[in-house]
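**Q** Sequence and predicted structure, then a few things I'm wondering about:
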There are 2 protein chains.
Amino acid sequence: MNRSDRLDPLFRPRSVAVIGASRHRGSIAGEVFHNLVTGGFPGPVYPVNCAARAVQSVGAFSSVSELPETVDLAVVVVPTEHVLEVVTECAKCGVRGIVVITAGFAELGAEGKRLQDRLVTLVRSHRMHMLGPNCLGLLNTDPAVRLNATFAPTWPPSGPVSVASQSGAVGLAILDYAQALGIGINQFASTGNKADLSGNDFLEYWEHDASTRVILLYLESFGNPVRFMQIARRVSQKKPIAVVKSGRTEAGARAASSHTGALAGMDVAVDALLGQAGVLRTDTIEELFDVATLLANQPSPKGSRVAIVTNAGGPGIMAADACAGGGLLLPELSTLTVESLQSFLPRAASVGNPIDMLASAPAEHYERVLQVVHRDENVDATLVVFVPPLVTEAAEVAKAIVRAAADVSKPMLTCLLGTHGIPDAMEVLRRAKIPAYRFPESAVRALTRAVRYARWLARDGGTIPEFANVDAERARSMLARATAGWLSPAETCELLAAYGIGVAQMKLVRTAEEAAEAAATIGFPVALKLVSRQILHKTEVDGVRLGLASRDEVSRAFVSIQQGLAGRGELDKMEGALVQEMISGGVETYIGVTHASGFGALLGFGIGGVNIELWRDVAFRVHPLTSTDAKEMLEQIRGKALLEGFRGGPLADKEGIVDAILRVDRMVADNPEIEELDINPLIARRPGHGVVAVDARIRVRSTPT
Amino acid sequence: MNRSDRLDPLFRPRSVAVIGASRHRGSIAGEVFHNLVTGGFPGPVYPVNCAARAVQSVGAFSSVSELPETVDLAVVVVPTEHVLEVVTECAKCGVRGIVVITAGFAELGAEGKRLQDRLVTLVRSHRMHMLGPNCLGLLNTDPAVRLNATFAPTWPPSGPVSVASQSGAVGLAILDYAQALGIGINQFASTGNKADLSGNDFLEYWEHDASTRVILLYLESFGNPVRFMQIARRVSQKKPIAVVKSGRTEAGARAASSHTGALAGMDVAVDALLGQAGVLRTDTIEELFDVATLLANQPSPKGSRVAIVTNAGGPGIMAADACAGGGLLLPELSTLTVESLQSFLPRAASVGNPIDMLASAPAEHYERVLQVVHRDENVDATLVVFVPPLVTEAAEVAKAIVRAAADVSKPMLTCLLGTHGIPDAMEVLRRAKIPAYRFPESAVRALTRAVRYARWLARDGGTIPEFANVDAERARSMLARATAGWLSPAETCELLAAYGIGVAQMKLVRTAEEAAEAAATIGFPVALKLVSRQILHKTEVDGVRLGLASRDEVSRAFVSIQQGLAGRGELDKMEGALVQEMISGGVETYIGVTHASGFGALLGFGIGGVNIELWRDVAFRVHPLTSTDAKEMLEQIRGKALLEGFRGGPLADKEGIVDAILRVDRMVADNPEIEELDINPLIARRPGHGVVAVDARIRVRSTPT
């Protein structure tokens, strides 16, 4: 069975057994059976119940082995202690798909986890696939299947959106919301404890499912983030994925000593991963459906220029505010558009953007205005904000909008304010697949995300470059000799140099005399920096002296650092000092690496210096990075103007920075024992002149993994 | 008639005339009359129509003068050209309140504005009050009044929320939304063109209206922001005001040359004004009602510590995420609470925070858990997130929640996820005045704002201090001599000094020799700064030299600045240079003043240097500032750690900064011709040692106003 149909026994079974089916409506085991037999499933649904002759008037069987045929799917609702036994029997009988709704496994702790592990071993050794345990079940609204193997009280309308939810409760809420709003669901799975099948499996299944046009996920954790990214990045090329990932705060920021570690909580890694994979993240279930409705029903926007068409000033302004807040543009309309509009709209109407047709606008005006606006080359998408006045029938307006939308390849969204009383207008739009939102802000938020997805699809994904001057062998043999913990300055320099990252000329010294001598060799002016593995932030102990212009100044600075430490009782922490060539000019930047559990290496880039911790203006990407990922990091930071000659400051060599980021990424790929890395500052010289690391710290694990 | 009842003729008339009442339902003039006569208004509603004997079966009068009594309120729906005429007649007949629904006035341009001005003159000269023109009308749901003088198709439930909307369309949407969600409205006014009555008048009226517990405003503009602030600040002490202010982007950032001007768009002034007045600003109508429902029905939170009680893990996590995102805390529960909960909850339940009672929780558990949690001194508010499982009746859970909420002085919010099918549970909560939200995020957003309001109420408002060493006379006479535009360095110093703001010692020089001489007098090292009214950003032309340690260095620096300008062909822009004492150490801060149209002076505070434009980390307040306002500015900026010895840096004299901000505020109060002011940097020395202005620019208007 190949990848694209391996979940068919779950979503497209020919027959189903409900093991533990109950006669009692209102119980989970009763509702699951009820939903299956009343949902319109074309094949037989067999109740398996060792104590009853019939379940809800259907003749029952005492075990799976007594069924008249080998069922494709078994839904298990027996008590926890019997699950292993009935699944064993399913395996013997050749059942391919298992849904374990029963709870009481890993979610309860170690003992439950052991039971669950035995279940997984059993399932996998028989090449079965299992959803759950501890889940709400699954459903498929395909008219040829009509499978409702859940205990949810709702059966959503059929449509193009497939959903996987890690939480059964959120799954219930999702199905309820979809039904209330009339949003069409294709397939749904509650993944529960994800013991066997996880979100990744459903992504791959829906990737090849022609009736799924949009995939929604509610996630609380990633089993394997790296694998998720690989799959999601591929699937996103074919159809949009939108995600609510909760648990932002539980994960929290890791208490780490370095910049990147402190800055990058797990959630930063999640954001980076989803962004790189083209997955749209929303904060709420509401927003998840707002964007799904748009993506499932309307063409992709070619750009971010929005025309707002309204019959009321106030809501038009609210929509315009929301557009600006979301980074969408309100372009000037073309002269042709303006003239066309003026030819039939009343003089008091506004033909700017928003176009305010006035409350008196008849349905016909909506149609004519939209036809004109759609043809305007300055416009990528149209938002109609309609407030039902008395003079116009809302349903007529809706029909006019539908007529104007026919054969248009630009997305159209509508917002019907105060439409509580006009469900018929909503229904007209829904049938024509034109998204209708209650508030302008919801419409704009959805469009903002659709624009982001379109941009992601259209961008050049970039490549992972090969570097000529990388000496991975030298790095490996150096690291093989290094002890765990922070590398020495010499080791750090050697590692950076092995990956072709320029390092300021420097020398480790132990005495004031050595310092003066080294400075004379390097050439004045020099910097003198305390070396100590125990003191991480050297500026805080006044351990960094810059612009020393003579032997004498160098020697005195060395003694002064010693005296400062002695005064704090920390002189024994001083291992020596670095005499370093002064790099003058350029822009101070920062490159960092940390690890977020399970996500692998997380790379950060920002403006360097101490400010990085203050402003937290760092762009993150998870390894591996493409050239496009690296370039986008430079664009993403708020302080990017500093790279571009801000207020008469220097221009930075952006290509040099991108090159350095990609070299660091290669370094962590080759050397997984690198746990943490900070290059701060990495001085970016003027364009074409590269970058040079002035200070760097690298921490390695004891044993490479 | 005193202030508190002057709008009674509008909201509590004994009789009403509808001038222009139409026989045709579906027209505005027909709907207004229909709403009035069918809404349950206890007094007579007279149709005035010069062409009909009866309107909607009610005997009509051909003019106001023919009515059998003097009506309190006239609702005008005649064509624009007749409005002045009928209002004149109303004035003659002694009508006190006018609602002009008819459009066609100032919103159409200059001609309409003239007509409107005549209307206002007429109304005011007869001591009448007028709502509109160009509005939806007003309503009062008070059971003793039941006045619906609007053409809206909806009659919202009666309740404690009063609303004024500047947009009729948004007003329609608000009434519709209130009806759909069952949110009780007390009074409603659509202010239209605000020709006579504006939002300020309704604030003052509702301030004294016992049945109004929460005031909501939809605003597109402030007629008189200063007056709004005075009124809103007073009213907020008595009852909460929440506002949607649209037009964030239209206003945009003013194209000004200085820092504050460029940073502070009009919307920044709006934010500052609303914040200082204790008014809650929301982004959307949806959020406006979310917070209104909470404030109208629940006690005020004493703090920001929230307990989450749920029967489902996923939604609990979503609620916790939202709390953290909104700055609310999830405290540890007390040992007593934990032990009480463990005594009856199943072992698998989580008694942390969120408290997860598991899906199996019976209604009784909700009641017991909430009773225990309410008594916990670590908890200021409780959020119940409920997903209806099969085993528990949702309505029973709702009743248990209601029982637990009785006599509790802490706010309680609920979120019933997936409750589409259980309106009975919603109804139980609604009747008990317990807010029920569809999604956890909406509940948390509302609570976040309620906490902010409670904090504002509880804070010490501060005072506007008197300063001993302010020489306002000296400042006035200096400014009387000054020419419009940027003040000279000497004038700037004098003005700052007159207000007791320390300025670095400095001298204006014209030649290299004068510079060297001045430096020797001041004492080395010194700074040398280009003086030019035409070149605003001196660092960009390399016009600032620091740490000059000898006569020779000073003299060479002067010549070098000259040469630099000559190389750019800008030597003629050089008026001289300032030799200035070097202020070493301290923290660079920034104080600025700009004017936002109508808002008066807007003061900004932030961390100084060029970074201010990059990070836009500035706190704004509108004049006048209290000591509390000034103190809060220091707390509000993201970079506040820099004032507190960040990474071994110096501590800043916060009291000195607050003093300087208040002195600047006093300066702009005394001297309204000051249009713009930048002190950057204002060096804050260590605590107790004050601040000193190192660079400052002040621009004054030609004629004081």
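**A** Sure thing, it's come through.

**Q** C-alpha only now, for contacts and for neighbours.
**A** Fine.

**Q** measure residue A:214 to chain B for me?
**A** Going from residue A:214 to chain B by CA to the nearest CA, to the nearest Å gives 22 Å.

**Q** so what's that residue closest to, chain neighbours aside?
**A** Once flanking residues are discounted, residue A:214 sits nearest to residue A:161: 4.9 Å by CA to CA, 6 or more residues apart in numbering or on different chains.

**Q** and the one you found, how far is that from residue A:284?
**A** Distance, residue A:161 to residue A:284, using CA to CA, to the nearest Å: 17 Å.

**Q** can you check residue A:635 too?
**A** In terms of CA to CA, residue A:635 sits 27 Å off from residue A:284.

**Q** With neighbour numbers in mind, choose between those two.
**A** Using other CA atoms under 10 Å in any protein chain shown, the more surrounded residue of residue A:635 and residue A:284 is residue A:284, with 20 against 13.

**Q** Surely the more buried one and residue B:441 touch.
**A** Yes: counting by CA atoms under 8 Å, residue A:284 sits close enough to residue B:441 to count as a contact (7.2 Å).

**Q** domains of chain A?
**A** Dividing chain A into domains by automatic domain parsing, as the record does, gives the ranges A:3-249+A:265-293, A:298-458, A:461-504+A:583-705, A:505-582.

**Q** Can you tell me the SS state at residue A:655?
**A** What DSSP: H, G, I helix; E, B strand; the rest coil gives for residue A:655 is helix.

**Q** Spit out the contact partners of it.
**A** Applying CA atoms under 8 Å, 6 or more residues apart in numbering or on different chains, we find residue A:655 in contact with A:687-688, A:690.

**Q** Closest to chain B out of those?
**A** Of all the contacts of residue A:655, chain B sits closest to residue A:687, with 19.5 Å by CA to the nearest CA.

**Q** in a strand, that's where the closest one is, yeah?
**A** No: counting by three-state DSSP, residue A:687 is not found in a strand; it is coil.

**Q** The residue lying closest to it once chain neighbours are set aside - how many residues pack around it?
**A** Of all residues not flanking residue A:687 in the chain, residue A:653 sits nearest, at 3.7 Å (CA to CA, 6+ apart). Residues near residue A:653, counting by other CA under 10 Å, number 22.

**Q** how close does residue A:653 sit to chain B?
**A** Distance from residue A:653 to chain B, by CA to the nearest CA: 19 Å.

**Q** who's in contact with that residue?
**A** Contact analysis of residue A:653 by CA under 8 Å, 6+ apart lists A:643, A:684-691.

**Q** now swap in residue A:90 and tell me
**A** Residue A:90 is in contact with A:64-65, A:74, counting by CA under 8 Å, 6+ apart.

**Q** With mean pLDDT added, can I get the domains of chain A in a markdown table?
**A** As requested, the domains of chain A are arranged in a markdown table below (pLDDT from 0 to 100):
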| stretch | mean pLDDT |
| --- | --- |
| domain A:3-249+A:265-293 | 94 |
| domain A:298-458 | 91 |
| domain A:461-504+A:583-705 | 91 |
| domain A:505-582 | 90 |
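
**Q** Distance of the nearest residue to residue A:271 once chain neighbours are set aside relative to residue A:588?
**A** Leaving aside its sequence neighbours, residue A:271 sits nearest to residue A:281 (CA to CA, 6+ apart; 7.8 Å). Taking CA to CA as the measure, residue A:281 falls 32 Å from residue A:588.

**Q** and if you look at residue A:10?
**A** According to CA to CA, residue A:10 stands 56 Å off from residue A:588.

**Q** One more: residue A:693?
**A** Using CA to CA, one obtains 10 Å as the distance from residue A:693 to residue A:588.

**Q** what is in contact with the two at once?
**A** The contact sets of residue A:693 and residue A:588 overlap at A:680-683 (CA under 8 Å, 6+ apart).

**Q** Which two of these have the greatest separation?
**A** Pairwise distances across the shared contacts of residue A:693 and residue A:588 (CA to CA) peak at 8.3 Å, for the pair A:680 and A:683.

**Q** How is the residue in the stretch 51-200 of chain A that chain B sits nearest to classified with respect to secondary structure?
**A** Chain B sits closest to residue A:173 of the stretch 51-200 of chain A, with a gap of 4.0 Å, by CA to the nearest CA. What three-state DSSP gives for residue A:173 is helix.

**Q** what about the most centrally placed residue in chain A, which helix or strand?
**A** Closest to where the C-alpha atoms of chain A average out (CA atoms, centre = their mean) is residue A:274, at 2.2 Å. Here residue A:274, judged by DSSP states H and E, is contained in helix A:266-276.

**Q** what lines up beside whichever helix or strand comes after that helix in the sheet?
**A** Using DSSP H and E, the helix or strand that follows helix A:266-276 in sequence is strand A:280-281. The pairing partners recorded for strand A:280-281 under DSSP bridges are strand A:241-245 (parallel).

**Q** between the strand it pairs with and helix A:266-276, how many degrees?
**A** Angle between the axes of strand A:241-245 and helix A:266-276 is 180 degrees (criterion: axes from the mean of the first three to the mean of the last three CA atoms, to 10 degrees).

**Q** mind checking how far strand A:241-245 is from the chain centre?
**A** Counting by CA atoms, centre = their mean, to the nearest Å, strand A:241-245 is centred 7 Å from the centre of its parent chain.

**Q** one step back: next, format the contacts of residue A:90 as a markdown table and append secondary structure.
**A** A markdown table is the format used below for the contacts of residue A:90 (three-state DSSP):
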| residue | secondary structure |
| --- | --- |
| A:64 | helix |
| A:65 | helix |
| A:74 | strand |
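
**Q** and those residues as JSON lines, adding neighbour count?
**A** Shown next, in JSON lines, are those (neighbours: other CA atoms under 10 Å in any protein chain shown):
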{"residue": "A:64", "neighbour count": "26"}
{"residue": "A:65", "neighbour count": "16"}
{"residue": "A:74", "neighbour count": "30"}
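
**Q** Around chain B, pick out the residues from the stretch 201-350 of chain A.
**A** With CA under 8 Å from any CA of the partner chain as the criterion, the stretch 201-350 of chain A comes near chain B at residues A:220, A:246-249, A:284, A:286, A:312-315, A:317-318, A:320-321, A:324, A:348.

**Q** Which ones among these map onto helices?
**A** Counting by DSSP state H, the part of these found in helices is A:248-249, A:286, A:313-315, A:317-318, A:320-321, A:324.

**Q** Which ChimeraX command selects the buried ones in these?
**A** Of these, the buried ones can be selected in ChimeraX as follows, counting by 16 or more other CA atoms under 10 Å in any protein chain shown:
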select /A:248,249,286,313,314,315,317,318,320,321
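
**Q** Among the ones in helices among the residues of the stretch 201-350 of chain A next to chain B, give me the pair with the biggest separation.
**A** The span of those, defined through CA to CA, is set by A:249 and A:313 at 40.2 Å.

**Q** The stretch 51-200 of chain A against chain B: which residues are in contact?
**A** Residues of the stretch 51-200 of chain A lying near chain B (CA under 8 Å from any CA): A:108, A:166-170, A:172-177, A:180.
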